[in-house]
Structure formats: structure tokens, C-alpha cells
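Enquirer: based on what follows, work out the 3D shape:
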Amino acid sequence: MADSKTTPLTGKALLQKMKEITHLPKREKAKECGYFSITKDKQVRVNLTDFYDALLAARGIPLGPESTKDGRGREPTYRVSVHKNGQIVIGSTYTQEMGLKPGDEFEIKLGYKHIHLIQLDGNKDEDDE
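Expert: Below you'll find the predicted structure:
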């Protein structure tokens, strides 16, 4: 029986091993590449999900939210800091995500340790006239 402490193959090593074992069934491929565990009953449990995730990552197919990266600019972190001039800048990534346009107005409400920005309805000014 195989040792349960083997490190699963990743990256180029995984792709190379896959070329060598094309004749095996999928569960055997996963086991040969180290994607298995041994239960308390000494039974081998194959981890197909981890195997397929590693295989996709090795082939350069990203999973999850980082798949939208285009390699340009900074990643949004949803954190900002106060600049030396005392201003806080909300970047275009956030304003685009919210569908904001130039001229949109907000009311600022200060809390103890927070700030609420409440978008004002653009029609409110027209009704007041």
C-alpha cells in the first residue's frame, strides 16, 4: 500500500507524470500523483477534487475570483488610507463597480469610528426647484 505522507505533485511535475500514466483510470492517476489519504480503517481515499484543481492550476487555468485579473493596474483591496493632504480617495474600480458617474452626490455621516456615504437621489434637486 502507498505511503500516506507523500506530497502531491503540482505544476510541471504533475503534467509530466500525467503524460507517463495516460493509460490508467482517473482514480489511479490521482493516486499515482499523490492525491489520496488513508483512513483510520487503512482504506485509501482518493481526493479527486484536489487532483483536478491542481491539474487545472498546472495548466494555467485559474479558479476563483482572481481569474478576472488582466495583469494591469492594482488589485482592489477595499482598504484606503488617508493621504498627506487629509483626503481619502476611492479608486475608479470601486466607483465603476457601484455604477457611479461624474456628478453623483453623497451625504457624509460621521460615526464614532466610521464614515457613511449615502448617495443622494439626482431627482431630488429637480423637485426642489
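
Enquirer: go ahead and confirm residue 58 touches residue 12.
Expert: Yes - counting by C-beta atoms under 8 Å, residue 58 touches residue 12, with 7.1 Å between them. Backbone N, C-alpha and C define where each C-beta goes, glycine included.

Enquirer: so who does residue 117 touch?
Expert: For residue 117, the contact set (C-beta atoms under 8 Å, 6 or more residues apart in numbering) comprises 106-108.

Enquirer: using PDB, list the CA coordinates for the helix or strand hosting it.
Expert: In this structure, residue 117 sits in strand 115-119 according to DSSP states H and E. Extracted in PDB, the C-alpha atoms of strand 115-119 (Å, rounded to 0.1, in the frame of the first residue of the first chain):
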ATOM      1  CA  ILE A 115     -18.000  57.200   7.800                       C
ATOM      2  CA  HIS A 116     -21.200  56.500   5.900                       C
ATOM      3  CA  LEU A 117     -21.600  57.800   2.400                       C
ATOM      4  CA  ILE A 118     -25.200  58.000   1.400                       C
ATOM      5  CA  GLN A 119     -25.900  58.500  -2.300                       C
END
